[in-house]
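Q: Provided below are the primary sequence and the corresponding predicted coordinates.
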Amino acid sequence: MEPKRRTLHWAWVILAICFVNLFINYSVRLGYGVVLPEMIRTLGFGRTAGGSIYNSYLFTYIAVTPFTGYLTDRFGARRVIAICLLISGIGVLLMGTVHVLWTACFFYALVGLGATGLWAPVITLVQRWFAFHRRGLALGILSTGYGLGFAVMGIGFPWVVNHFSWRYGWYFLGTAALLMTGINSLFLRSDPAHRHLKPWGQGPSSADQRGGMPTVPPQVMFAAIYKDRRFWLIGFSYFAIAYSLYRITTFMVDYAKYQLELPLEKASLLATIHGVGQIGGVLTVLPLSDYLGRRKTIIISNAAITAALLGIIAFGKSWVMLGVFIGCLALFYGATFPIYGACAGDYFPSAAMGTVIGAWTPFYGLGAILTHWITGILRDATGRYDQAFIICAIMAAVALFLIYRVRRGTPSDPGGQGREAASGG
């Protein structure tokens, strides 16, 4: 009898495409902090204006993502992701043409609109293609995409500036996004059933268990989710941790260049340290969450982020110590956003994952918007970032406290006393 030939499970094709999607998306999103010093210098903008450009992205992102999450559950991830990549690519190309503040805000808002399809739909899609006890592994591999994107921007952007200008950073990324539009349209599939497959890692006779969550009508399911206390605790914890992290990502290169007076190449190297740290973190912290549980892992992560921020406040004036604490923070930074998203698959029914992740996005986005405005205002008023760092450390501690208050169980178990999903925190 001829042995059965092994073939590549399509889940890995999905994962590879989504990896590139995140690499491009987060090169654009996180790379803004690397482009910022050169961009505001040549255009004559202040830091408050620089924060406002990023906030225009976040406004459209948080306003539209809840609908994008719902559309992912309703019509499938392939259509949503491909259309959003097209919109994002056009917006990024236009960012290279800006000369005045309002066009920068408008074009980056367009990028934010496209980005709504490049987080919630992507991690929803990946979770559907991998078995419950393999999601941490899959999300860990996936999430190296945005850490790698940030690291590449930190190394590559100074080269682009020296050989071209900051505008070409946007041109290169926009072109890559448009190329990926076609690849996503051709190869993505919204559900394993569309290829007559089961999620990778799921046994031939096993069901994808989530702590016994029942099949219920959508209107009943969604009502139960929004009445669940844990939905709000996780959401507000997400808000607080996003506030603390995005201040670092957006302004750390500017902090190093203008407050510490380091050259651009050395200041940009912080982005590379951050990106490499993210890659190490997502490859270890996220798979570990399959065993420790999501809640316990987030508690450890938020505690480490709080400690790293306190270290930056105390010792960040030294270049070496700043690099060390940025690296420590990045180890857990990279895992933060996917692991909060994974809570949707652990605590809530599979059919509502996109909706739940989308509904949490405004919490995250509002945290990021506030940190950009408050940090920009404090920096322009005082000429320093010190007060902003202190506020970020406080917010990280708040995020830790809120996630600690999350109780176990399922949406059908209002008292929170039910048995926790096998790999969920």
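A: Perfect, I can see it now.
Q: which helix or strand lies directly C-terminal to the helix-or-strand element of the chain with minimal mean pLDDT?
A: Within the chain, no helix or strand scores below helix 218-227, which has a mean of 65 by mean pLDDT, DSSP states H and E. Following helix 218-227 in sequence order, the next helix or strand is helix 229-254 (DSSP states H and E).
Q: now that next one: average pLDDT?
A: When pLDDT is averaged along helix 229-254, the result is 87.
Q: what's the pLDDT at residue 424?
A: pLDDT for residue 424: 32.
Q: what do you get for residue 412?
A: Looking at residue 412, its pLDDT reads 40.
Q: again with residue 145
A: 74.
Q: now it: closest residue in space, sequence neighbours ignored.
A: Spatial nearest neighbour of residue 145, chain neighbours left out: residue 22 (3.5 Å); criterion: Cβ to Cβ, 6 or more residues apart in numbering. In short, each C-beta sits where N, CA and C put it, glycine included.
Q: try residue 241
A: Nearest to residue 241 is residue 399, by Cβ to Cβ, 6+ apart, at 3.8 Å.
Q: what does residue 322 give?
A: residue 316 (4.7 Å).
Q: repeat that for residue 317.
A: Using Cβ to Cβ, 6+ apart and skipping residues adjacent in sequence, the residue nearest residue 317 is residue 260, 7.0 Å away.
Q: equivalent analysis for residue 386, please.
A: residue 313 (7.5 Å).
Q: how about the helices in the stretch 301-425 of the chain?
A: 319-347, 353-382, 386-404 (DSSP state H, counting those that start in this stretch).
Q: need those helices in CSV with mean neighbour count, can you?
A: Listed next are those as CSV, based on neighbours: other Cβ atoms under 10 Å:
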stretch, mean neighbour count
helix 319-347, 24
helix 353-382, 22
helix 386-404, 20
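Q: what would these look like in a markdown table with distance to residue 276?
A: Formatted as a markdown table, those follow (distance: least, Cβ to Cβ, whole Å):
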| stretch | distance to residue 276 |
| --- | --- |
| helix 319-347 | 8 |
| helix 353-382 | 23 |
| helix 386-404 | 21 |
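Q: so which of the ones you listed is nearest residue 249?
A: If you check each of these against residue 249 by Cβ to Cβ, helix 319-347 wins as the nearest, at 7.8 Å.
Q: tell me the angle of that closest one relative to helix 353-382?
A: 150 degrees (axes from the mean of the first three to the mean of the last three Cα atoms, to 10 degrees).
Q: quick one: mean pLDDT for helix 319-347?
A: For helix 319-347, the mean pLDDT works out to 82.
Q: can you name every helix or strand that it contacts?
A: Applying 3 or more Cβ pairs under 8 Å, 6 or more residues apart in numbering; DSSP states H and E, one finds that helix 319-347 contacts helix 120-129, helix 135-163, helix 229-254, helix 264-292, helix 294-315, helix 353-382.
Q: out of those, which one sits most buried?
A: Most buried of those by mean neighbour count (mean count of other Cβ atoms under 10 Å) is helix 120-129; its value is a mean of 27.
Q: quick one: work out the angle between it and helix 319-347.
A: 60 degrees.
Q: now find how far off-centre helix 120-129 is within its chain.
A: A distance of 13 Å separates the C-alpha centroid of helix 120-129 from that of its chain, computed with Cα atoms, centre = their mean, to the nearest Å.
Q: just checking, what packs against that helix?
A: helix 10-29, helix 47-75, helix 77-95, helix 135-163, helix 319-347, helix 353-382.
Q: hmm, who's touching it?
A: Helix 120-129 has contacts (Cβ atoms under 8 Å, 6 or more residues apart in numbering) with 10-11, 14-15, 18, 21-22, 65, 68-69, 72-73, 77, 80-81, 84, 135, 138-139, 142, 188, 190-192, 199-200, 338, 341-342, 344-345, 350, 353-354, 357-358, 361.
Q: quick one, what contacts the residue most central in space within the chain?
A: In the chain, the residue lying closest to the centroid (Cα atoms, centre = their mean) is residue 337, at 4.7 Å. By Cβ under 8 Å, 6+ apart, the residues touching residue 337 are 119, 143, 364.
Q: of these, just say which sits nearest to residue 184.
A: Closest to residue 184, out of all of these and judged by Cβ to Cβ, is residue 119, at 14.3 Å.
Q: quick one, what contacts the closest one?
A: Taking Cβ under 8 Å, 6+ apart as the test, what residue 119 contacts is 22, 25, 65, 337, 341, 357, 361.
Q: and it, backbone torsions?
A: Main-chain torsions, residue 119, degrees, to the nearest 10: phi -140, psi -70.
Q: what's around residue 57, how many residues?
A: Using other Cβ atoms under 10 Å, residue 57 is surrounded by 27 other residues.
Q: ok, now residue 111?
A: 29.
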